[in-house]
Every structure is written in structure tokens, then in C-alpha cells.
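[1] coords please:
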Amino acid sequence: MSILRKIRSIFHDDWCSECTSVMETRKKQLYMLPQLVGNYVSHSNASYYKKNLIKVNKKAEIPTGYYACGIYEYRCPKCNNKLVKLSIFLPVRDQEKVEEIIYFKNGEMNDFIREYR
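    Predicted structure coming up:
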């Protein structure tokens, strides 16, 4: 594998960090995060999200001033590598003001994702 392709994979969420193939999006789901504007606290532990995320079907279900979290589950069709991305954002009008993106590469969110399939 070329070093250039490996470097590019760092900047693409949907490229495998192991073999740099394009990963499949297996699941996308929107959640509400019970944190208000001005009170956002970053958490790197998966258990926080498992306890606090509230599943919603559309952004309109999230009360004004609350953060949202999009969860994306990726899988590499070539080497079977898996990755879960949490994109934490504030819905403002028709835009998403991204606060933080967190990656879980070691299966920390797998049980949570399976629960909501």
C-alpha cells in the first residue's frame, strides 16, 4: 500500500485505516444528547454516550438548544475492520454546527448499536 494512500485515509472517515479501502456505512442513526448550549462537556468514554443518548428519528424531535449526535457504523469489506464515529453537533436552523467528532475503533459502542438495530 502506498504511503500517500495511507495518509489520505486519515482524512476520510470512510476509508479503512488498516488497508485504506473505502468502508461501507452499515448504520446511521440520530440521537439527542441531553446537554444544552453553553454547557457542552466533552466525553471520551463510550459508557457516557451509552447512558445518555436518546434515539430520535429526525432533527425536529430535538428541543431547541440541545445537542445532537449522529452515529455512523463503518465496516471495511476487504479486511473487516470496523469503526464507529460519533458526530456531536448543535442543530441550528438547517445547519449542523459540529462541536466534536469521536471515533471508537475497538468495539466500545458495538453493544449499543446492536441494541438499536
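[2] rest of the way, CA atoms for contacts and neighbours
    Fine.
[3] All the strands of this structure, in order from the start?
    Using DSSP state E, the strands of the chain run over 24-36, 54-56, 66-75, 82-92, 95-104.
[4] Of those strands, which stretch is the most buried?
    Of all those, strand 66-75 has the most neighbours on average by mean count of other CA atoms under 10 Å, namely a mean of 22.
[5] which other helices and strands contact that strand?
    Secondary-structure packing of strand 66-75 (3 or more CA pairs under 8 Å, 6 or more residues apart in numbering; DSSP states H and E): strand 24-36, strand 82-92.
[6] would you turn those into JSON lines with distance to residue 17 and mean pLDDT?
    Converted to JSON lines, these look like this (distance: least, CA to CA, whole Å; pLDDT from 0 to 100):
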{"stretch": "strand 24-36", "distance to residue 17": "13", "mean pLDDT": "94"}
{"stretch": "strand 82-92", "distance to residue 17": "9", "mean pLDDT": "93"}
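[7] hang on, the earlier thing: Serialize the strands of the chain to TSV and add fields for distance to residue 47.
    TSV is the format used below for the strands of the chain (distance: least, CA to CA, whole Å):
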stretch	distance to residue 47
strand 24-36	13
strand 54-56	14
strand 66-75	14
strand 82-92	13
strand 95-104	12
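[8] hang on, the earlier thing: now for the helices and strands packed on strand 66-75, which one comes closest to residue 60?
    strand 82-92 (9.2 Å; CA to CA).
[9] what does the closest one rub up against?
    13, 37, 59, 64-76, 96-107, 109 (CA atoms under 8 Å, 6 or more residues apart in numbering).
[10] Show the contacting residues for residue 54.
    Residue 54 makes contacts with 31, 32, 33, 34, as judged by CA under 8 Å, 6+ apart.
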